[in-house]
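Trainee: Any chance you can model this:
(chains A and B)
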Amino acid sequence: AIQLTQSPSSLSASIGDRVTITCRASQGITSALAWYQQKPGKAPKLLIYDTSSLESGVPSRFSGSGSGTDFTLTISSLQPEDFATYYCQQFTTYPAFGGGTKVEMK
Amino acid sequence: EVQLVESGGGLVQPGGSLRLSCAASGLSISSNYMRWVRQAPGKGLEWVSVIYRDGATYYADSVRGRFTISRDNSKNTVNLEMNSLRGDDTAVYYCARDRGGGGKIFDIWGQGTMVTVSS
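Mentor: Model prediction:
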C-alpha cells in the first residue's frame, strides 16, 4: 500500500507568512490528492481536491499542486483561523491519510 | 443544510460490542457513498469502512471480520456495528460523505462520536 509522508510534522509561523506543507507518496500516484484542515475537537474540513481544485467556500489563499510522488499545500498569507492540523489524503486500493502537519503560532 | 450526526459512542469493555449510527439530513444516504473514518486520541485519520450506493461494503484490514457497515434507508442512517472491540479501536469515529465514490473527496463530515474500549 502507498504510504503518505507529510513534512514537516509541525511548524511555527506568523500571521501573513507563506506556509508550504509537503506530502510525499511512497510510489507514484496516478489519481489525485486531497487536503483537509482539522481544528482541535472538530471534524476535518475538505480544502483541496483533485490535487489543485479549491473546495467551494474555501479561501483562495489555499492552493494545492504537485504530481507523481510530491504534492504541496500552500497558504499564501497565514491568517489567525488557519492554525490547525493539515492532512493529505489519497486513494489507491483504499483511502489513506498522511500523518498530519500541525501549524502553530510562532 | 446538509448535516451528518453520529451517535452511539461510549465506554465498552474489551471484547464488547457497540453500534454507531450516522443520521443524515439534506442528503440521501442511499444515493451516496458513505464512509466511516476514525481518529485515535492524538493520532491521525484512518479509514474504516464504506458502503456504496449499490450496497457493496468494504473494510480496512484492521476491522474486517469484526465491524459491519449497513444503512437504513427508511431512517436515512448509516450504521457501524462493532464487535470484538479492542483497545486500539479507541477513537473518535466520523461518518463522511464520499463525493463521487472514488474515495478521494470526503466533503461532508459529522461531528464524530467517541468510542473508548477499556476495562
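
Trainee: Show me what the residue minimising distance to the centre of chain B bridges to in the sheet.
Mentor: In chain B, the centroid-proximal residue (C-alpha atoms, centre = their mean) is B:Trp36; its distance is 3.0 Å. When assigned by DSSP bridges, B:Trp36 has beta-bridge partners B:Ser49, B:Cys95.

Trainee: Help me confirm that it comes into contact with B:Val48.
Mentor: Yes - between B:Trp36 and B:Val48 there is a contact at 4.2 Å, judged by C-beta atoms under 8 Å. Bear in mind the C-beta positions are built from the backbone N, C-alpha and C, glycine included.

Trainee: list residues touching both of the two?
Mentor: The contact sets of B:Trp36 and B:Val48 overlap at B:80, B:93 (C-beta atoms under 8 Å, 6 or more residues apart in numbering or on different chains).

Trainee: and A:Tyr36, how many neighbours?
Mentor: 25 (other C-beta atoms under 10 Å in any protein chain shown).

Trainee: Ok, A:Thr85 next?
Mentor: Using other C-beta under 10 Å, A:Thr85 has 21 other residues around it.

Trainee: who's in contact with it?
Mentor: Taking C-beta under 8 Å, 6+ apart as the criterion, A:Thr85 is in contact with A:37-39, A:100-103.

Trainee: Now the terminal residues of stretch A:98-106, how far apart.
Mentor: 24 Å (C-alpha to C-alpha, to the nearest Å).

Trainee: pLDDT of that stretch, averaged?
Mentor: In this model, stretch A:98-106 has a mean pLDDT of 97.

Trainee: neighbouring contacts of that stretch?
Mentor: Contacts for stretch A:98-106 (C-beta under 8 Å, 6+ apart): A:4-14, A:19, A:21, A:23, A:38, A:75, A:78, A:82-89, B:44-45.

Trainee: next one: stretch B:109-119
Mentor: Under C-beta under 8 Å, 6+ apart, the answer for stretch B:109-119 is A:42-45, B:3-14, B:16, B:18, B:20, B:22, B:38-39, B:82, B:85-97.

Trainee: Same question for stretch A:64-80.
Mentor: Contacts of stretch A:64-80 (C-beta under 8 Å, 6+ apart): A:13-29, A:33, A:35, A:47-48, A:51-53, A:59, A:61-63, A:82, A:86, A:88, A:103.

Trainee: Spit out the contact partners of B:Asp72.
Mentor: Counted by C-beta under 8 Å, 6+ apart, B:Asp72 has contacts B:78-79.

Trainee: Thank you, goodbye.
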